[in-house]
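Enquirer: got a predicted model here, sequence first, then my questions.
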Amino acid sequence: MPPDERNMEQERQLFERLKNDPEVITEIYDRYSGQIFAFVLKRCSHKETAEDVTAQCFIKLLEAAPNLEWKGVPIGAWLYRVVTNALTDHWRRSSTRGESALDTDEWDPPGDDDPAWNVEQTIERARLQQAMDKLSTRDQEVLSLKFYAGYETEEIARELAISNNHAAVLVYRALGRMRKVLISEATV
């Protein structure tokens with residue numbers, strides 16, 4: 001059986017188990033919660049709201065499970081549809097109440113005199129630099145211009161004598177490679 005068909009069969013089995021055993025929600029939660037939370041957080045930029053909407057999504061799945069029918073679509077697709085609707089509902093409720101911002105609390109990082117913060121930042125900088133050293137010279141140059149020099153895409157394009165679109169693609173791809181390096185180091 002090809003991998004896609006095997007994955008779909010696993011999804012179908014998970015779906016069927018959920019209909020009969022509510023405890024399966026923990027397995028589904030473990031599989032999808034990180035992706036769903038990241039999806040919501042990206043759209044609302046408020047951690048607590050993202051946590052609430054993500055939790056609502058899984059509660060709705062658990063409530064609807066006995067009545068759901070398998071339609072050959074992964075559970076994740078259903079979750080994304082539910083979470084998108086939940087976000088829309090959240091925005092509607094927020095605008096009805098006249099809320100102007102989700103997060104009125106500003107995060108104030110610890111000061112330079114906080115030793116624990118300084119150690120944490122030093123370790124993180126070293127980790128990022130080690131990952132950066134594993135990238136090609138071109139990726140290092142692009143990421144340095146973007147994040148160390150604070151250049152916008154247009155400025156990177158001028159600096160490298162390339163088009164704006166090409167600069168944006170280079171940044172995107174360099175970040176992808178950096179992410180892979182960081183993930184591979186985190187799993188070691």
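Expert: Looks like it arrived, so ask away. Just so it is clear, the model here is predicted, and its values are computed rather than measured.
Enquirer: what is the burial count for the nearest residue to residue 22 once chain neighbours are set aside?
Expert: With sequence-adjacent residues excluded and distances taken as CB to CB, 6 or more residues apart in numbering, residue 22 is closest to residue 62, at 6.1 Å. (C-beta placed from N, C-alpha, C; glycine too.) Residue 62 has 15 neighbours, counted by other CB atoms under 10 Å.
Enquirer: would you list the phi and psi of whatever residue is furthest in space from the centre of the chain?
Expert: Largest separation from the mean C-alpha position in the chain: residue 161, at 32.4 Å (CA atoms, centre = their mean). Dihedral pair for residue 161: phi 60, psi 50, per degrees, to the nearest 10.
Enquirer: try the one 10 residues further on
Expert: With angles defined as degrees, to the nearest 10, residue 171 sits at phi -60, psi -50.
Enquirer: got it, and residue 151?
Expert: Torsion angles, degrees, to the nearest 10, at residue 151: phi -70, psi 150.
Enquirer: let's see the pLDDT reported for the most centrally placed residue in the chain.
Expert: In the chain, the centroid-proximal residue (CA atoms, centre = their mean) is residue 38; its distance is 3.2 Å. As predicted, residue 38 sits at a pLDDT of 87.
Enquirer: which of the helices or strands spans it?
Expert: helix 25-44 (DSSP states H and E).
Enquirer: tell me what that helix is packed against?
Expert: Packing contacts for helix 25-44, counted by 3 or more CB pairs under 8 Å, 6 or more residues apart in numbering; DSSP states H and E, involve helix 3-20, helix 47-64, helix 75-97.
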